[in-house]
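Q: this is a predicted model, with the sequence first.
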Amino acid sequence: MKKTVLKRSILFLVLTLMLGGCAVKQADQSTPVTNPYSPIPKMELLKSKKGKNITKMHFLVFGDSKGEEPFKEVLKRADSLQPDFCLTTADLVKKGGGESGKIDYKKLDDDGGWFMKKYPMWPTVGNHESYGGDDAMHNFSNFFGVNHDLYSFEYGNAKFIALPWPKIKDNKERLSLFEDELKSAKGKHIFVFKHRPHYDVGSKKYEDVEGTETALTKLYDKYKVTAVFSGHDHIYYRTKRNATSYIISAGAGAKIYALKREKDAIEGDAYYGKRSKEDLKNSNTEYKFVASDGTVTGIAKAMYYVLSVKVDGDNVSIEMIDSKTGKVWDKATITDQTPKKRTILIAAHRGGYENDYMDKAPENSIANIQNAINHGFEIYESDLQRTSDGKFIIMHDPTIDRTTNGVGEVAKMSSEEIRKYNLTYINGEISNEKIPFLADFISRGNGKIIFKIDFKPELKYLDDLIEEIKELGLQDRVILRFKYKKEIAEDLAKFNSEELPSILFRVKTLKQYNELKSILNIKMISIFEKKEFSPEQLQIIDMASKENIIVEAHTFNNNKKNREDFWEEQIKLPITIFHTNKPILFQEFLIKKKLR
């Protein structure tokens, strides 16, 4: 069985990294899922069809049908849009508990069963699902196959979090649980779906929907939530507060409510609902739609709708669609459209040691870590060897002859012997720096630099290395790089993703690249070439970029006269990490190009 190696968060790799799978957290799956309306197996099937590294998706958001007749038309329109899956904003029944609950869920089955069997539909609990008796939550779980009112799932480059009906803004335990979910998103789009809104222009009272910042909305902003979808007030409302979009999608069939809180709208909001009593005095239409530019359109009869959401890489767009006519009333891109400055990261070869004597920081020394940080290099590249008694040390060569005042093959020397020797400068002088052991070395980054380590011992020692990094709790500070071998990839596939640092394979051919992807859900690759990329390598770089896989490459080491000409061509390619043995010169070049 293929395992998935997930990229852990890396301090400087501020990129949108994709997760190709769907994992449900807190939705109890200990009991075999037989419910035809459970979204979990249908999402797994969707994943298998779409493949890994999913960056495009289409989902619908709707709620507040309560068994009313227009719901059937809403579902027909939803089906015509052919979504990947759906989110609900709750209140799909009038009562969830007691005898009424049994009747209401039977009606939901009759009206919407065909749709829920066809598409994964992720539910939330609203006040009406909670009404009717003590068995209300049981009935909800039994119908949808989801046993918690606060849960999450991931799909592609997005994380989705369902929140419960009761307010959690003052519940420290649930706020903490929710914040843990937000933290784990790690660069993905975050979509929250729930019943009760935060901002409103409809009919709900302020003790119900505050319309102000709360501890919960502050978490949305802190963790850059893309959008919060809600229902409850039977209107349509799209607003942006700080960096978070809030959308009420509550027009799936129940009676449309009046716009009693229009004064709470801000510039750029779009909304639809029944006119207030005061507004009706001056109008001959009972309903209205107010566009984001302020244009008001009168509507004679109640309109029911679905919200369509499309994700395409970093972009998220929405459309509010009339279920009867298919007319798009509101259309917007809700993600920030400001062009992003390109990120290029410097991986300094052995930390960058051209001026080692002047800096008092020889190659692969602990002193050179601070030197690399001071220069602003994001990644410190180094190499790993293993002593005879099983300790990992930072050393490029298999022997200590070139870089220390000693001689000997590392694999035949004990850690006690290694500690006797000092590192030397390029000019041969002996420094005060000792040969660093792995734990001491990677602990010194202080969260300011990432260590990219070439694994050089025998493969049988890989488990020991991963266990040591795990025990240190430094997975987030380490990238392990390997020359591609199928057996290494297969060995890594057996690990739980949380145990692993980031994994980087150096691939030479398209065959290797595709084989690697078939084994692991890779997040980065390395292309090693000293002078010029081959057509096949260029194809790999292009493919990886389109699949949101980070590309590392070495800067071309041509002669001084035309070095920058080659670098100029390299930075035109979608390469994020440049491994270089001239980090200071390359940094100066990037500064000239306004890329630093």
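A: Perfect, I can see it now. Numbering: from 1, shown residues only.

Q: E458 - how many residues pack around it?
A: 9 (other Cβ atoms under 10 Å). All C-beta spots, glycine's among them, are computed from the backbone N, C-alpha and C.

Q: so how many other residues sit close to K572?
A: So K572, with other Cβ under 10 Å, has 8 neighbours.

Q: pretty sure it is in a strand, no?
A: No. Read with DSSP: H, G, I helix; E, B strand; the rest coil, K572 is coil and lies in no strand.

Q: could you measure from R402 over to L516?
A: According to Cβ to Cβ, to the nearest Å, R402 and L516 sit 33 Å apart.

Q: more neighbours: which of the two?
A: Looking at R402 and L516 with other Cβ under 10 Å, you find the greater number of neighbours at L516, namely 19 against 11.

Q: so where does that one fall, helix or strand?
A: Assigned by DSSP states H and E, L516 belongs to helix 510-519.

Q: tell me what that helix is packed against?
A: On a contact count with 3 or more Cβ pairs under 8 Å, 6 or more residues apart in numbering; DSSP states H and E, helix 510-519 meets helix 486-492, helix 535-546.

Q: 10 Å instead?
A: helix 486-492, strand 502-506, strand 524-527, helix 535-546 (3 or more Cβ pairs under 10 Å, 6 or more residues apart in numbering; DSSP states H and E).

Q: and of these, who's closest to K310?
A: When the helices and strands packed on helix 510-519 are compared by Cβ to Cβ, helix 535-546 sits nearest K310, at 17.9 Å.

Q: spatially central residue for the chain, please.
A: Among the residues of the chain, the one closest to the centroid is K188, at 2.0 Å (Cα atoms, centre = their mean).

Q: which residue packs closest to that residue, ignoring adjacent ones?
A: Leaving aside its chain neighbours, K188 sits nearest to K159 (4.8 Å; criterion: Cβ to Cβ, 6 or more residues apart in numbering).

Q: bridged to that neighbour, which residues?
A: E154, I190 (DSSP bridges).

Q: list the residues that contact it.
A: 19, 23, 25, 152-153, 181-182, 184-192, 225-226 (Cβ atoms under 10 Å, 6 or more residues apart in numbering).

Q: return the subset of these lying in strands.
A: Mapping the contacts of K159 onto strands (DSSP state E) picks out 25, 152-153, 189-192.

Q: most neighbours, which of these?
A: Ranked by neighbour count (other Cβ under 10 Å), the ones in strands among the contacts of K159 have V192 at the top, with 27 neighbours.

Q: what's the domain layout of this protein?
A: Per the record, the chain has its domains at 24-29+37-333, 345-592, by automatic domain parsing.

Q: kindly reformat those domains as TSV and extend each row with mean pLDDT.
A: Shown next, in TSV, are the domains of the chain (pLDDT from 0 to 100):
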stretch	mean pLDDT
domain 24-29+37-333	93
domain 345-592	90
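
Q: please identify the most buried of those.
A: Across the domains of the chain, averaging neighbours per residue (mean count of other Cβ atoms under 10 Å) puts domain 24-29+37-333 on top, at a mean of 19.

Q: phi first, then psi, for the residue nearest to the centre of the chain.
A: Here is the backbone geometry of K188 (degrees, to the nearest 10): phi -80, psi 160.

Q: now swap in N371 and tell me
A: phi -60, psi -40.

Q: ditto for E564
A: Main-chain torsions, E564, degrees, to the nearest 10: phi -70, psi -30.

Q: same deal with the one 5 residues further on?
A: Main-chain dihedrals, E569, degrees, to the nearest 10: phi -70, psi -40.

Q: how much space between it and N562?
A: Taking Cβ to Cβ as the measure, E569 falls 11 Å from N562.

Q: repeat that for G351.
A: In this view, G351 and N562 are 27 Å apart by Cβ to Cβ.

Q: same question for K107.
A: According to Cβ to Cβ, K107 stands 75 Å off from N562.

Q: where do the contact lists of E569 and N562 overlap?
A: With Cβ under 10 Å, 6+ apart, E569 and N562 have common neighbours F556.

Q: convert stretch 123-132 to CSV, retaining C-alpha atoms only.
A: C-alpha atoms of stretch 123-132 as CSV (Å, rounded to 0.1, in the frame of the first residue of the first chain):
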residue,chain,number,x,y,z
PRO,A,123,-23.2,18.5,7.0
THR,A,124,-23.2,20.9,10.0
VAL,A,125,-25.5,21.0,13.0
GLY,A,126,-27.9,23.9,13.2
ASN,A,127,-30.5,24.9,15.8
HIS,A,128,-33.2,23.0,14.0
GLU,A,129,-31.1,19.8,13.8
SER,A,130,-30.8,20.2,17.6
TYR,A,131,-34.5,20.7,18.3
GLY,A,132,-37.1,18.0,19.1
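
Q: what about stretch 473-493, start to end distance?
A: End-to-end distance for stretch 473-493, by Cα to Cα, to the nearest Å: 20 Å.

Q: determine how far it lies from the middle of the whole chain.
A: Mean-position distance between stretch 473-493 and its chain equals 21 Å (Cα atoms, centre = their mean, to the nearest Å).

Q: swap in stretch 427-445?
A: Relative to its chain's centre, stretch 427-445 lies at 36 Å (Cα atoms, centre = their mean).

Q: could the C-alpha coordinates of that stretch be exported in PDB?
A: Output in PDB follows, covering the C-alpha atoms of stretch 427-445 (Å, rounded to 0.1, in the frame of the first residue of the first chain):
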ATOM      1  CA  ASN A 427      44.200  27.800   4.400                       C
ATOM      2  CA  GLY A 428      45.100  24.800   6.600                       C
ATOM      3  CA  GLU A 429      45.100  26.600   9.900                       C
ATOM      4  CA  ILE A 430      43.400  24.800  12.800                       C
ATOM      5  CA  SER A 431      40.300  26.500  14.200                       C
ATOM      6  CA  ASN A 432      38.800  26.300  17.700                       C
ATOM      7  CA  GLU A 433      35.700  24.600  16.200                       C
ATOM      8  CA  LYS A 434      35.100  20.900  16.900                       C
ATOM      9  CA  ILE A 435      33.400  18.400  14.500                       C
ATOM     10  CA  PRO A 436      29.700  18.900  15.200                       C
ATOM     11  CA  PHE A 437      27.300  16.100  16.000                       C
ATOM     12  CA  LEU A 438      23.900  16.100  14.400                       C
ATOM     13  CA  ALA A 439      21.900  17.000  17.500                       C
ATOM     14  CA  ASP A 440      24.200  19.900  18.400                       C
ATOM     15  CA  PHE A 441      24.200  21.200  14.900                       C
ATOM     16  CA  ILE A 442      20.500  21.300  14.000                       C
ATOM     17  CA  SER A 443      19.600  22.600  17.400                       C
ATOM     18  CA  ARG A 444      21.600  25.800  16.800                       C
ATOM     19  CA  GLY A 445      19.400  27.200  14.100                       C
END
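
Q: what residue of this structure is the furthest out?
A: For the chain, the largest distance from the centre (Cα atoms, centre = their mean) belongs to K281, which lies 49.3 Å off.

Q: ok, now which ones touch that one?
A: If you count contacts by Cβ under 10 Å, 6+ apart, K281 has them with R275.

Q: how near is it to R275?
A: K281 is 9 Å from R275, by Cβ to Cβ.

Q: cool, A544 as well?
A: When A544 is compared with R275 (using Cβ to Cβ), they lie 54 Å apart.

Q: now the closest residue to I540 other than its chain neighbours: how far from F505?
A: In space, and not counting its chain neighbours, I540 is closest to Y513: 5.0 Å by Cβ to Cβ, 6+ apart. Per Cβ to Cβ, Y513 is found 9 Å from F505.

Q: quick one: common contacting residues for those two?
A: In contact with both Y513 and F505: 484, 522, 525, using Cβ under 10 Å, 6+ apart.

Q: closest one to V74 out of these, please.
A: Of all these, V74 sits closest to I522, with 40.6 Å by Cβ to Cβ.

Q: do I have it right that that closest one meets L500?
A: No. Using Cβ atoms under 10 Å, I522 makes no contact with L500, being 12.0 Å away.

Q: for the residue lying closest to K434 once chain neighbours are set aside, give me its contacts.
A: Nearest residue to K434 in three dimensions, chain neighbours excluded: N422, at 6.1 Å (Cβ to Cβ, 6+ apart). Counting by Cβ under 10 Å, 6+ apart, N422 touches 362, 365, 403-406, 430-435.
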